[in-house]
Structure formats: structure tokens, C-alpha cells
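Chemist: Have a look at this fold, sequence not included:
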């Protein structure tokens, strides 16, 4: 899909003409101080690809594999652009299988055998199930269907002219059997595995957690969170809660980080999610720089609507988590009286 000028436009492209996007290959060709060798590897689809027609995927033709393997074996780095066709997601395009469509997984594993130094660029309109790639591929770029300038944007990330800071707006499952999977789920009521038997909240064949959680996203630098503070231990209804945290760029490059604040209303008159995103802030940090980020929680963030449409702010314990994704961060709590 590296030379695909159509799929990056997505499904509901409205005013865009077919084949007008900048492909990833074209974007990379703008950089002249390196040697690029391109091989298609495989065709994703067979037959016509239009907005109104069902797509037919290539699952049998591997005739391009050998040429791709030869090029990959001689390369320093292999850029593989895989994923979904632009007409594969959107209205009337539901899937029961979230794997890489067609024979793309077969191609990925074949290339890995001759050169494991792969950067996988995903073009897709939904979360995919890519457990093998998550385990074996050293670098994965989630590019979605970005539109007309896809190739230029992806190339800037690949060549280091832009340090990525995006975070996932949805969780990626390990396999389709985990779906629906989302960070703000409700407690199952089942215990943890304290008794070492099967009666706890889990899957028997895969971890319960997503492959990549909501809010997850890497950078070319790293960030450290410390000194999480709440301005008081207890608050009256109507008071503002001030939450602050220090974030340090601990890597070797300037970068941006999206700090995320999650809360849990521990006990309420209606069941509440185990975690809810209530604030986020994008900050720029130079190499070695530290900044303090402050979030303000009010009744708007702490309350909820009951089944009759009444907005309730209830007393009790609230847990706080601040971090770079929904699966981990610094934790504290306060009381609302």
C-alpha cells in the first residue's frame, strides 16, 4: 500500500477525487539523501474498488513475495505500509475479523524472516488486531486514513522531522473476541486471582488487557511523571479540586506529551466506570525540561446523570490517576463531603 494514492482518502471522501492523495512512497521520495527501493509485495484487493461495491481481497496470489524479500534482505530498514483499503471502513462496512486483510500478514512474516528491522505503517479506519506485529515488529506507526497529505505527514515522522505526539482515541484489542473493549468499562464484580483458581475476571487464552490502550502513544523521546499533588484531602460540594503533576522530558529530543487525568467515583448510587477521562493537556518540553501541569475538577467533572436525567454530585471517595495513557500513571485520592 506504500504507493496507494486512493486509500488514504478514506471512505466518506465527499469532494476528493480518487487517487489524489500523496502516497507514503511519494512522501518518502521527497527526501533525497537516501536510497529507496520499492517493491509492491502483494495486491490487497482484486477486481474493482469503488464506493458502492463490496471489496474482494487477495488471499492467494503471492507472486510478488520473492521480489519483495530480495529487496528487503538487502535493505538497512524496511518500511511496510499495510492495513485496510480506504473503502473497507465506514458505513455498511462492518467486519467480524480485525486481522490484516488479504495476505498481508503472510507477507509481513515472510519479510520479517529475511530482515526483522521493519517499520510497520498502518493505514486503517478502525482498530486492528495485530498481536504478532506487536510482539515482533520494532516500530509501528498508526497513520489511519489521513487524507490528501498522508504521504508527506508520514514521511516527516519516519525521517524524524516531526516527533509524533498523538494518542489513540480507542483501544486496540489483542483479538476480536475481546470486543467490545474500552477503558471506561464497569467493574465485573468478579474477584482478582487471589485463590489461584479459574473464578476470576479473565480470558483463558489471552490477557484481559488491550494490545494498545486508549490514550497510548509513543514519541522519539520519553517522559517522566512525578510529584502528583491534590491541593486538599477533602472538599465540599461546589469546591474546585486542583490536581498538579510534574512532567520531565527524560529523552534525547524535544517533544510534546499529552498529559491525561482520569477519575473514579468509587461508590455511587449508580455504578460508575472504573476510569473516566476528565482532563488532558498537550505540552511542549525541550530535552531535559520539566513543567508542572495543573488540572481543575469541578462539579461538572465529578457528577453524573441518573436514569431520570437529574445531574448528581455525590459525596464519597474519588480516585485520581494522571499519566500518558489510560493504563498507567500516578495515583492519589480525595474525599468529597
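Modeler: Sure thing, it's come through. Quantities reported herein were computed from a predicted structural model and do not represent experimental measurements.

Chemist: Count residues in the vicinity of residue 41, would you?
Modeler: By other CB atoms under 10 Å, the residues close to residue 41 number 26. Using the backbone N, CA and C atoms, a C-beta is placed for each residue, glycine as well.

Chemist: thought it was touching residue 106?
Modeler: No. Using CB atoms under 8 Å, residue 41 is not in contact with residue 106; the gap is 10.2 Å.

Chemist: residues shared between the contacts of those two?
Modeler: Residues within reach of residue 41 and of residue 106 at once, by CB atoms under 8 Å, 6 or more residues apart in numbering, are residue 65.

Chemist: Let me know the secondary structure of residue 155.
Modeler: Here residue 155 takes the helix state, with states given by DSSP: H, G, I helix; E, B strand; the rest coil.

Chemist: In space, what's closest to it - neighbours in sequence excluded?
Modeler: Closest residue to residue 155 in three dimensions, ignoring its sequence neighbours and counting by CB to CB, 6 or more residues apart in numbering: residue 27, at 3.4 Å.

Chemist: And the host helix or strand of that neighbour, how far out from the chain middle?
Modeler: Element membership of residue 27, judged by DSSP states H and E, is helix 24-29. Remark: helix 24-29 is offset 23 Å from the chain centroid, using CA atoms, centre = their mean, to the nearest Å.

Chemist: just stretch 133-145 next, same as before
Modeler: Counting by CA atoms, centre = their mean, stretch 133-145 comes out at 10 Å from the chain centroid.

Chemist: what's the answer for stretch 258-277, then?
Modeler: 21 Å.

Chemist: Going by neighbour count, which residues of that stretch are buried?
Modeler: 258-265, 268, 272-273, 275-277 (16 or more other CB atoms under 10 Å).

Chemist: what's the span of it, first residue to last?
Modeler: By CA to CA, to the nearest Å, the extent of stretch 258-277 from end to end equals 12 Å.

Chemist: Please renumber the chain so that the first residue is 221 from this point on.
Modeler: Happy to do that; since the first residue is 221 now, the last one works out to stretch 478-497.

Chemist: So what's the predicted local confidence for the residue nearest to residue 375?
Modeler: Taken from the predicted model, the pLDDT recorded for residue 247 is 97.

Chemist: Could you pull up the residues touching it?
Modeler: By CB under 8 Å, 6+ apart, the contact list for residue 247 reads 370-376.

Chemist: Now do the strands in the stretch 321-470 of the chain.
Modeler: Under the criterion DSSP state E, counting those that start in this stretch, the stretch 321-470 of the chain contains strands at 338-343, 359-362, 443-450, 454-455, 461-469.

Chemist: could you say what helices and strands the last one packs with?
Modeler: Just to be clear, that refers to strand 461-469. In terms of contacts (3 or more CB pairs under 8 Å, 6 or more residues apart in numbering; DSSP states H and E), strand 461-469 is packed against strand 443-450, strand 475-485, strand 496-505, strand 510-517, strand 536-545, strand 548-556.

Chemist: Run a quick check on residue 390 versus residue 347, I expect a contact.
Modeler: Yes. Using CB under 8 Å, residue 390 is in contact with residue 347, at 5.6 Å.

Chemist: Compare the two and say which is more crowded by neighbours.
Modeler: Applying other CB under 10 Å to residue 390 and residue 347 shows that residue 347 carries more neighbours, namely 21 against 15.

Chemist: Setting the sequence-adjacent residues aside, check what's closest to that one.
Modeler: That would be residue 392: by CB to CB, 6+ apart, it lies 4.3 Å from residue 347.

Chemist: Next, the contact list for that neighbour, please.
Modeler: Going by CB under 8 Å, 6+ apart, the list of residues near residue 392 reads 347-350, 430-433.

Chemist: Of the residues you listed - the most surrounded one?
Modeler: residue 350 (27 neighbours).
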